[in-house]
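Peer 1: For reference, the sequence and a predicted model appear below.
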Amino acid sequence: MSEDPWRVFKIMAEFVESFDTLSRLGPAVTIFGSARTQPEDVYYKAAVAIGEGLAKEKISIVTGGGPGIMEAANRGGARPKTVPSVGLNIELPFEQKGNKYANLPINFHYFFTRKVCLVKYSMGFVYMPGGFGTLDELFEVVTLVQTQRIQAFPIILFGSTFWKGMFDWMSSTLVPAGTISAGDLDLLRVTDDPAQAVKWIVDYRRTVGVPDQVLAAFR
């Protein structure tokens with residue numbers, strides 16, 4: 001317990017460093033998904049395509065910085081070499097180390113500081129198939145939009161087959177129980193087309209008028 005007051009300064013340092021960098025990104029989208037997805041997987045290839053498509057539109061890519069889907073999105077985002085492909089990495093004993101495609105890596109020790117940064121500077125969110133971490137981030141963002149703590153940014157679920165069971169459960173259980181409203185499901189968009197995911201983000205950007213602001217090193 002005696003270490004807790006000093007830990008506050010470590011937490012502050014993580015926020016200061018990450019906020020200073022990410023606040024200069026300009027338009028960005030965070031892509032979530034499993035760290036276990038392999039390069040030959042259809043969802044890995046789709047994440048590469050989404051990352052590349054967004055980068056061509058001068059929209060930076062933000063991921064958790066690890067392997068799998070995160071690697072794929074950073075890989076696609078780094079191809080055009082026009083915007084940062086950001087990896088917010090936290091090393092885990094069995095699953096995660098930083099991927100080589102994140103051309104702007106930021107390392108974290110604390111999960112909660114990293115979670116804030118995965119959301120704070122993005123104007124849209126793409127969720128590829130994933131596990132507990134992906135679901136955690138999904139429901140956190142949906143809750144923030146539902147409670148109007150953040151704007152109604154596009155929340156895109158990629159892979160209709162993968163997400164169908166969750167939608168069926170929410171429709172058949174949560175809505176009848178009154179724990180969510182039927183309209184809350186409209187906060188989520190589902191697609192199997194990388195180009196459609198990119199279009200939704202681009203259309204949103206045009207609607208709200210998010211300006212270009214790319215870090216000088218990537219201009």
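Peer 2: Happy to help now that I have it.
Peer 1: List the beta-bridge partners for the residue nearest to the spatial centre of the chain.
Peer 2: Central residue of the chain (C-alpha atoms, centre = their mean): T30, 2.5 Å from the mean position. With DSSP bridges applied, T30 shows beta-bridge pairing to V62, F125.
Peer 1: how much space between it and T161?
Peer 2: 23 Å (C-beta to C-beta, to the nearest Å). Bear in mind the C-beta positions are built from the backbone N, C-alpha and C, glycine included.
Peer 1: What of G133?
Peer 2: For G133 relative to T161 (C-beta to C-beta), the value is 20 Å.
Peer 1: Compare neighbour counts for those two and give me the winner.
Peer 2: G133 (19 against 8; other C-beta atoms under 10 Å).
Peer 1: The more buried one: which element?
Peer 2: Following DSSP states H and E, one finds G133 within helix 132-146.
Peer 1: For that helix, list every residue counted as buried.
Peer 2: Neighbour counts over helix 132-146 (16 or more other C-beta atoms under 10 Å) mark 133-134, 137-138, 141-142, 145-146 as buried.
Peer 1: Need the residues you listed in a markdown table (columns: pLDDT).
Peer 2: Formatted as a markdown table, these follow (pLDDT from 0 to 100):
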| residue | pLDDT |
| --- | --- |
| G133 | 94 |
| T134 | 97 |
| E137 | 96 |
| L138 | 98 |
| V141 | 97 |
| V142 | 97 |
| V145 | 96 |
| Q146 | 95 |
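Peer 1: Is the residue nearest to the centre of the chain in contact with T63, as I believe?
Peer 2: Yes: counting by C-beta atoms under 8 Å, T30 touches T63, with 7.0 Å between them.
Peer 1: A strand includes L88, no?
Peer 2: Yes: the assignment for L88 by DSSP: H, G, I helix; E, B strand; the rest coil puts it in a strand.
Peer 1: so it sits right up against V116, yeah?
Peer 2: No: using C-beta under 8 Å, L88 is not in contact with V116, being 9.9 Å away.
Peer 1: who does the helix or strand bottoming out on mean pLDDT in the chain touch, helix- and strand-wise?
Peer 2: Between all helices and strands in the chain, the lowest mean by mean pLDDT, DSSP states H and E belongs to helix 4-22, at a mean of 91. The contact analysis (3 or more C-beta pairs under 8 Å, 6 or more residues apart in numbering; DSSP states H and E) places helix 4-22 against strand 104-107, helix 111-120.
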